[in-house]
Structure formats: C-alpha cells, structure tokens
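>>> I would like to see how this sequence folds:
(one chain, ligands or ions: 1)
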Amino acid sequence: AATLGASAEAKGRYFGAAIAASKLGDSTYTRILKSEFTSVTAENEMKWDATEPSRGVFNYTGGDRILAQAQANGQKVRGHALAWHSQMPGWAQSLSGSTLRSAMLNHVTQVATHYKGKIHSWDVVNEAFADDGRGSRRDSSLQRTGNDWIEAAFRSARAADPAAKLCYNDYNTDGVNAKSTAVYNMVRDFKARGVPIDCVGFQSHLTNSAPGDYQANLQRFADLGVDVQITELDISGSGQAAAYAAVTKACLAVARCTGITVWGIRDSDSWRTGTNPLLFDAGGNKKAAYTSVLNAL
Ligand code: XIL
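Here you go, the predicted model:
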C-alpha cells in the first residue's frame, strides 16, 4: 500500500502519530497527518496538568480538538496519560498521602469518563519504574501513597471506561533488562490477581539501533496475555532507517503487537530537539526512515 496507515491496516495494525492541537492549522502537518496515520495520540493535551489545571476543574479544550480532528479523519485515538509523576499540575505536586491518592483516582475517573467510548487504548500509568538497574519503583509522590497505587489507577480506569484497552507505558523497557523485567513481573502479578490490564506500551525512544532482543521482549509480554504497542517511537543517530525497519518487523512478528505510534510527524515537531528522529523532515518530505518503515510493513 501507499501509506503507513494503509500498509499497517493491511497487516491488522494501526500506525499512529503523536500530535499537538496547536499545529492543526499547519497545512503541511495536517496533510501528512490525514494521509499517513490511522491513530493519533495527544502529545500533551490529555495529561494531568492540561486536563485538571485546578483541583476539580477540568479543561478538555485541547484534547477535545484532537479527538474531533481524529474522528473527522476516521482515525482512532490513544489516550495518554492518566497517572504520571511528570506534568502533574502544581496543586497536585503539593499533595501527598491519601489526599494525593484520592485526587489521582478522581482524575483517572473524571478523564476516562469524559472520553468514555472514544479511546482505543489508555496509558493508565506512565513511567512508574526507576532506571536504577534493579527494577525498583520510581520514587515519586504517587509511589509514596502506597505500592498499590498502580493497580488502584487501573481499577478506576476500567470502571470509568470498560471498552478501552488499559495499558502500562514506559521507556528503557524496549529490551530484556532489569527495568522491563520488573514491569513484566508486575503485569504477570496483575494477570494472576485479576487486576484489569490489557496492554503494555513500549515508548521506544531509541538512539542508533533497537536492542537485539527487542522482538523477544515484546513476545514475552504478549505471552502473559496482554497486547503490546510501540507507543512513542523516535530514533536518533546513525542507523536510523535500519532501526525503524527492525522495530516495524518486530511488531509485525508478534501477533499481539497491535500498532505503532511515532512521537511526532516532522523532525521539527520532535521533543528531541536537534536530533531529527522522525520520518519526515522539517519541510514535510519523506526521509529514508519513512521508506524503510513502509517497505517493512
Ligand atoms: C513529551 C512531549 O513530547 C513534550 O512536548 C513535553 O514537553 C514533555 O513530554 N515520555 C512520555 C511523553 O510519556 O509524554 C513525553 O512527551 C516524552 C517522554
């Protein structure tokens, strides 16, 4: 097929992009968005600081614009992210303990309810594990509310939107390592105890190459009985085109890998400023990495 979205669709997968509501008036951006992608993620607009700027006061302006644009284009929407230590509003940063726990759970409930039935997969909890090489939980105010904060968030999300696939999402979990194994153990435990979890997101912010055991890592999670998704793909450095092909082929080789999302459209849209990690150049032209993905699909 001629586009990323159509080619992925032919293989039963979605191909998505993270987008910003503020760029929807850019005609180059929207042309590529409409033609190439079958799923979108709000790059920032559905995060806690954006959606609940004051406690109990919800603002869905940006998220709703992205949702409406996606629906007009016939695209699915990934929800990102309900509970995360980063991009918390100031008021929530000043809370702790049971007050923070109930504020977080209320946030999960309210946002998932607002978007009920509209989101194919939600990142319910984002980046809860540390990079200490020992698979520890990340130290955060959320973690200090009790080790069960993650499962509490998943239960609230399920109650609010039973149709959405509920994902745990993280970075540096793309190969088999201490951090990904800690996530694996959590997912295995959740499945054993009936905690509602449907999918694991692998951010895949990569440099030069994908880990050699990338596919094996996806497969071991899939074998736990969850879907896997590549949720924030961007690859900087040499070997970019080959690494994009490797990630694409790995997803296609894992039956439960349901889709790939790149974290932006053009290099100039990337949060990784100056590293040109995306599939289109600043002028909106297809890069070698684009062709590499298309050929791999
Ligand atoms: C990034 C956005 O791309 C930036 O615009 C924002 O300033 C910071 O967050 N992991 C995630 C994403 O889960 O939400 C982050 O997005 C990138 C890292």
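>>> distance of residue 52 relative to the ligand?
Going from residue 52 to the ligand by CB to the nearest ligand atom, to the nearest Å gives 16 Å. Every C-beta, even on glycine, is put in place using the N, C-alpha and C of the backbone.
>>> what residues does that residue make contact with?
For residue 52, the contacting residues are 58, 59, 89, 92, 107, 110, 111, by CB atoms under 8 Å, 6 or more residues apart in numbering.
>>> can you check residue 34 too?
Contacts of residue 34 by CB under 8 Å, 6+ apart are residue 73.
>>> which secondary structure element contains it?
Assigned by DSSP states H and E, residue 34 belongs to helix 27-36.
>>> show me what the closest residue to residue 266 other than its chain neighbours is bridged to.
Closest residue to residue 266 apart from its sequence neighbours, by CB to CB, 6 or more residues apart in numbering: residue 280 at 4.5 Å. For residue 280, the beta-bridge partners are residue 266, residue 286 (DSSP bridges).
>>> check contacts around the residue of the stretch 101-250 of the chain found nearest the ligand.
Proximity of the stretch 101-250 of the chain to the ligand (CB to the nearest ligand atom) peaks at residue 126, 5.1 Å away. Counting by CB under 8 Å, 6+ apart, residue 126 touches 80, 81, 83, 84, 86, 169, 170.
>>> repeat that for 6 Å
81, 84, 169 (CB atoms under 6 Å, 6 or more residues apart in numbering).
>>> which one (most neighbours) among the residues you listed?
Highest neighbour count within these, by other CB atoms under 10 Å: residue 169, with 26 neighbours.
>>> take the contacts of residue 126 and lay them out in a markdown table including distance to residue 52, pLDDT and secondary structure.
Output for these, formatted as a markdown table (distance: CB to CB, whole Å; pLDDT from 0 to 100; DSSP: H, G, I helix; E, B strand; the rest coil):
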| residue | distance to residue 52 | pLDDT | secondary structure |
| --- | --- | --- | --- |
| 81 | 13 | 98 | strand |
| 84 | 13 | 98 | strand |
| 169 | 19 | 99 | strand |
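>>> any chance of TSV for the residues you listed, columns distance to residue 115?
Listed next are the contacts of residue 126 as TSV, based on distance: CB to CB, whole Å:
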residue	distance to residue 115
81	12
84	16
169	16
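>>> which parts of this structure sit against the ligand?
Proximity of the chain to the ligand (CB under 6 Å from any ligand atom) is limited to residues 43, 44, 126, 203, 232, 271.
>>> backbone phi and psi for the third one, please?
Main-chain torsions, residue 126, degrees, to the nearest 10: phi -120, psi 130.
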